[in-house]
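Novice: The amino acid sequence is not available; the structure is as follows:
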């Protein structure tokens, strides 16, 4: 019986400690996103500039961005979301194997179904 309670106790502690994203504020209501907000996107997302479309890798660090401009709400591939012009806050590898430097500007479509992490206004 004692082992059972210890097992339950450690399961609860583990789920609290490791089950959380390990990040600050998680935002699922994208209506709160404003110009100059910053956040991380942990899912794959497409980054567009005037020349190329890059697809981010779905890695633990996520894609860190700062919002420069909120353009419009739209539907892409059957998903509702919003178009934003963002500044890449940290450098990263993308799916094509290219390295993107920080402070590059990109257009992104952020689906409503994708939560953002470490949200700051």
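Specialist: Structure received. If you're wondering where the values come from, they're calculated on a predicted model, not measured in any experiment. Numbering: from 1, shown residues only.

Novice: any idea how far residue 25 is from the nearest residue to residue 74 once chain neighbours are set aside?
Specialist: Using CB to CB, 6 or more residues apart in numbering and skipping the chain neighbours, the partner closest in space to residue 74 is residue 83 (5.9 Å). All C-beta atoms are positioned from the backbone trio N, CA, C, and that covers glycine. Distance, residue 83 to residue 25, by CB to CB, to the nearest Å: 23 Å.

Novice: Compare the two (neighbour count), which wins?
Specialist: residue 83 (16 against 12; other CB atoms under 10 Å).

Novice: how far away is that one from residue 115?
Specialist: 18 Å.

Novice: Please apply the same query to residue 61.
Specialist: Applying CB to CB to residue 61 and residue 115 gives a distance of 16 Å.

Novice: Can you tell me the centre-most residue of the protein?
Specialist: residue 41 (0.8 Å; CA atoms, centre = their mean).

Novice: Do I have it right that that residue meets residue 111?
Specialist: No - at 10.0 Å, residue 41 and residue 111 do not qualify as touching, with contact defined as CB atoms under 8 Å.

Novice: what's the residue nearest to residue 74 in contact with, if anything?
Specialist: 70, 71, 72, 73, 74, 107, 108, 109 (CB atoms under 8 Å, 6 or more residues apart in numbering).

Novice: Next, give me the two most distant ones among those.
Specialist: 73 and 107 (14.5 Å; CB to CB).

Novice: Looking at the two, which one has more neighbours?
Specialist: residue 107 (17 against 12).

Novice: Can you classify that one by secondary structure?
Specialist: Three-state assignment for residue 107 (DSSP: H, G, I helix; E, B strand; the rest coil): strand.

Novice: In the sheet, which residues pair with it? Tell me.
Specialist: Bridge pairing for residue 107 (DSSP bridges) gives the partners residue 48, residue 85.
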